[in-house]
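A.B. asks: the following block contains a protein sequence and its predicted model.
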Amino acid sequence: MTTPEDYVVLDIIEKELLKRWPETKLEPSMDRIAALCDALGSPQLSYPTIHIAGTNGKTTTARMIDSLFRELGYRTGRFTSPHLESFLERISINGLPIPPEGMIATYNDIALYLDLIDSRQPHPISFFEAMTALAFVAFAEYPVDIAIIEAGMGGEWDATNVIASEVAVITPIGLDHTEYLGDTIEEIATTKAGIIKPESHVVLAAQPVSVAKVLTSRVVETSAIPYREGVEFSVAKRDIAVGGQMLAINGVHGEYTDIYLPLYGAHQATNAAVALAAVEAFVGVKLDEEVVRRGFAAVDSPGRLEVLYRDPTVIVDAAHNPHGAKALAHTLKNEFDFESIFGILAILGDKDVDGFLAELEPVIDRLVVTQNYSDRAMPADVLLEKAVAVFGADRVYREPDLQAAITYAMEQCTLINQVSEGISAVVVTGSVVTAGQTRTIVRKISGYESDAGDEE
């Protein structure tokens with residue numbers, strides 16, 4: 001049972017971890033995490049794993065795989081990044097964030113080893129590497145029947161790649177993190193393909209032709225077994241439904257019908273097909289259809305086209321690159337019936353902001369540019385200049401504080417809705433950081449802790 005003292009200790013642990021290299025500062029090498037795992041007794045090899053890499057959709061796909069396995073009766077561990085509101089979200093056990101007392105015990109188990117490896121390596125263990133090791137140890141101590149591990153960045157030299165995964169999953173690949181992964185989509189694909197292990201099962205989402213060639217080459221090189229979207233599995237049918245969508249999926253081992261997925265967007269249907277194929281590849285047989293229906297019906301994905309508030313409707317989406325913005329725009333246009341949309345954009349300065357704005361422009365009527373509370377946030381003044389170039393000056397408003405921007409947009413939508421027969425909505429996007437902070441702000445504005453606030 002968690003005590004008030006536990007939260008004090010947890011705060012100390014988080015501050016200690018944040019003193020380490022941040023996730024955005026990388027020295028591409030697996031030497032540190034390999035040495036740390038060896039010192040810990042290789043906990044990551046004590047349970048089977050599914051490894052997920054790609055540019056977009058990794059976290060949601062991981063959550064779907066987790067839900068399906070839990071419905072099958074497995075004890076699951078799930079490691080994802082980054083987090084929305086609490087660093088505990090990154091390490092999930094049986095669908096719930098690791099409890100504070102669990103994190104404290106796990107940190108105490110590895111703290112001395114972190115210091116030991118720091119003293120022996122040219123560069124210290126990073127925040128992400130430490131979190132990865134914490135997840136590996138927590139899953140071994142629980143213990144889990146299977147761990148679903150999301151790569152942080154890249155794949156080949158990612159800290160998570162010390163696992164020996166039975167199934168590798170590659171979600172759609174696009175241009176992102178080019179300063180580390182390469183300037184071309186083919187270079188990025190080569191790095192992400194590094195998670196494919198010899199003679200493993202490989203589930204591949206649909207990709208551009210050049211990316212598919214890179215991934216296929218890696219599959220052949222490792223004698224892996226491929227499952228390709230559009231060939232071995234696919235979305236057979238998709239219909240919009242209240243609160244989400246109804247799907248039929250042609251799986252690896254059979255067809256699954258009447259699947260309710262409580263998430264919006266065609267991209268989420270693709271994620272569902274990929275997740276189902278990954279579980280089928282692992283178990284080797286067709287799954288019970290009722291189990292699959294229950295598993296998908298129980299899925300949630302906080303911060304991904306999530307409705308946070310109604311009257312006015314406030315939606316948050318963690319899109320952070322043009323590929324994500326395109327999926328967001330497509331879903332807003334085709335699955336919602338808003339008369340007008342107030343967009344709120346707070347994005348990080350190292351992203352393709354011009355490409356992001358170009359994808360949003362057709363579906364956003366008025367845009368409020370702001371900034372989140374990250375040190376990497378693009379200043380609102382700089383974002384204003386870029387937004388005006390795409391949207392025009394008459395459609396853009398600047399409000400440097402994120403909470404004030406959300407409050408302003410909600411007030412404007414409320415006024416419009418009072419005099420209009422249609423419905424106006426607020427859509428907040430730009431980064432995972434923005435999504436997490438928006439969830440906290442909207443709960444504060446609404447004056448109560450919503451159910452969404454208790455979820456990962």
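C.D. replies: Ah, there it is.
A.B. asks: what is the burial count for Ser340?
C.D. replies: By other Cβ atoms under 10 Å, the residues close to Ser340 number 16. Every C-beta, even on glycine, is put in place using the N, C-alpha and C of the backbone.
A.B. asks: distance of it from Ile315?
C.D. replies: As for Ser340, its distance to Ile315 is 14 Å (criterion: Cβ to Cβ, to the nearest Å).
A.B. asks: what sits in contact with each of these two?
C.D. replies: The contact sets of Ser340 and Ile315 overlap at Ala425 (Cβ atoms under 8 Å, 6 or more residues apart in numbering).
A.B. asks: against Tyr373, how distant is the residue most central in space within the chain?
C.D. replies: Nearest to the geometric centre of the chain sits Thr59, at 3.2 Å (Cα atoms, centre = their mean). Thr59 sits 21 Å away from Tyr373, going by Cβ to Cβ.
A.B. asks: same question for Ser431.
C.D. replies: To Tyr373, Ser431 is 11 Å away according to Cβ to Cβ.
A.B. asks: more neighbours: which of these two?
C.D. replies: Set Ser431 next to Tyr373 and count neighbours by other Cβ under 10 Å: Ser431 wins out with 25 against 13.
A.B. asks: what secondary structure does the nearest residue to that one once chain neighbours are set aside sit in?
C.D. replies: Among residues not flanking Ser431 along the chain, His320 sits closest, at 4.6 Å (Cβ to Cβ, 6 or more residues apart in numbering). At His320, secondary structure determined by DSSP: H, G, I helix; E, B strand; the rest coil is coil.
A.B. asks: does His320 touch Ala435 like I think?
C.D. replies: No. Between His320 and Ala435 there is no contact under Cβ atoms under 8 Å: 9.0 Å.
A.B. asks: more neighbours: which of the two?
C.D. replies: Ala435 (25 against 22).
A.B. asks: could you say which helix or strand contains the more buried one?
C.D. replies: Ala435 belongs to helix 432-446 when assigned by DSSP states H and E.
A.B. asks: buried sites along the lengthiest helix in the chain?
C.D. replies: Ranked by residue count and defined by DSSP state H, the top helix of the chain is helix 100-120. Within helix 100-120, the residues scored as buried using 16 or more other Cβ atoms under 10 Å are 100, 102-104, 106-107, 109-110, 113-114, 117.
A.B. asks: need the residues you listed in CSV with distance to Asp183 and pLDDT, can you?
C.D. replies: Listed next are the buried residues of helix 100-120 as CSV, based on distance: Cβ to Cβ, whole Å; pLDDT from 0 to 100:
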residue, distance to Asp183, pLDDT
Pro100, 42, 96
Gly102, 41, 96
Met103, 38, 97
Ile104, 43, 97
Thr106, 38, 98
Tyr107, 38, 98
Asp109, 41, 96
Ile110, 37, 97
Tyr113, 37, 97
Leu114, 34, 97
Ile117, 32, 96
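A.B. asks: hey, C-alpha coordinates of the helix holding Ala435 in PDB?
C.D. replies: The C-alpha trace of helix 432-446 is given here as PDB (Å, rounded to 0.1, in the frame of the first residue of the first chain):
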ATOM      1  CA  VAL A 432       3.500  14.300 -26.100                       C
ATOM      2  CA  VAL A 433       4.600  16.900 -23.700                       C
ATOM      3  CA  THR A 434       1.800  19.200 -24.800                       C
ATOM      4  CA  ALA A 435      -0.700  16.300 -24.600                       C
ATOM      5  CA  GLY A 436       0.300  15.400 -21.000                       C
ATOM      6  CA  GLN A 437       0.200  19.000 -19.800                       C
ATOM      7  CA  THR A 438      -3.200  19.600 -21.500                       C
ATOM      8  CA  ARG A 439      -4.700  16.600 -19.700                       C
ATOM      9  CA  THR A 440      -3.600  18.100 -16.400                       C
ATOM     10  CA  ILE A 441      -4.800  21.700 -17.400                       C
ATOM     11  CA  VAL A 442      -8.200  20.600 -18.600                       C
ATOM     12  CA  ARG A 443      -8.900  18.600 -15.400                       C
ATOM     13  CA  LYS A 444      -8.000  21.700 -13.500                       C
ATOM     14  CA  ILE A 445     -10.200  23.900 -15.600                       C
ATOM     15  CA  SER A 446     -13.100  21.500 -15.300                       C
END
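A.B. asks: pull the distance from it to the chain's centre.
C.D. replies: 17 Å (Cα atoms, centre = their mean, to the nearest Å).
A.B. asks: please point out which parts of that helix sit buried.
C.D. replies: Neighbour-count burial for helix 432-446 [16+ other Cβ under 10 Å]: 432-439, 441-443.
A.B. asks: kindly format the C-alpha coordinates of stretch 90-104 as PDB.
C.D. replies: The C-alpha coordinates for stretch 90-104 follow below in PDB (Å, rounded to 0.1, in the frame of the first residue of the first chain):
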ATOM      1  CA  ARG A  90       6.500   4.000 -18.700                       C
ATOM      2  CA  ILE A  91       6.600   0.800 -16.700                       C
ATOM      3  CA  SER A  92       3.200  -1.000 -16.800                       C
ATOM      4  CA  ILE A  93       2.400  -4.300 -15.100                       C
ATOM      5  CA  ASN A  94      -0.800  -6.000 -16.100                       C
ATOM      6  CA  GLY A  95      -2.100  -2.800 -17.700                       C
ATOM      7  CA  LEU A  96      -1.500  -0.500 -14.800                       C
ATOM      8  CA  PRO A  97       1.500   1.900 -14.100                       C
ATOM      9  CA  ILE A  98       4.000   0.400 -11.600                       C
ATOM     10  CA  PRO A  99       2.900   1.500  -8.100                       C
ATOM     11  CA  PRO A 100       5.200   4.000  -6.300                       C
ATOM     12  CA  GLU A 101       6.300   1.300  -3.800                       C
ATOM     13  CA  GLY A 102       7.200  -1.000  -6.700                       C
ATOM     14  CA  MET A 103       9.300   1.700  -8.400                       C
ATOM     15  CA  ILE A 104      11.100   2.500  -5.100                       C
END
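A.B. asks: where does the protein dip in pLDDT?
C.D. replies: For the chain, the stretches with pLDDT under 70 are 175-182, 448-456.
A.B. asks: per-domain residue ranges of it.
C.D. replies: As assigned by automatic domain parsing, the chain contains the domains 4-231+263-284, 306-454.
A.B. asks: quick one: closest of those to Gly295.
C.D. replies: domain 4-231+263-284 (3.9 Å; Cβ to Cβ).
A.B. asks: now the end-to-end length of that closest one.
C.D. replies: 46 Å (Cα to Cα, to the nearest Å).
A.B. asks: cool, stretch 363-381 as well?
C.D. replies: Using Cα to Cα, the two ends of stretch 363-381 sit 23 Å apart.
A.B. asks: burial count for Ala409?
C.D. replies: Ala409 has 27 nearby residues by other Cβ under 10 Å.
A.B. asks: from Ile315, how far out is it?
C.D. replies: To Ile315, Ala409 is 11 Å away according to Cβ to Cβ.
A.B. asks: so the closest residue to Val442 other than its chain neighbours, which of the three states?
C.D. replies: In this structure, Val442 finds its nearest non-sequential neighbour in Leu308, 4.5 Å apart by Cβ to Cβ, 6+ apart. State at Leu308, reduced to three classes by three-state DSSP: strand.
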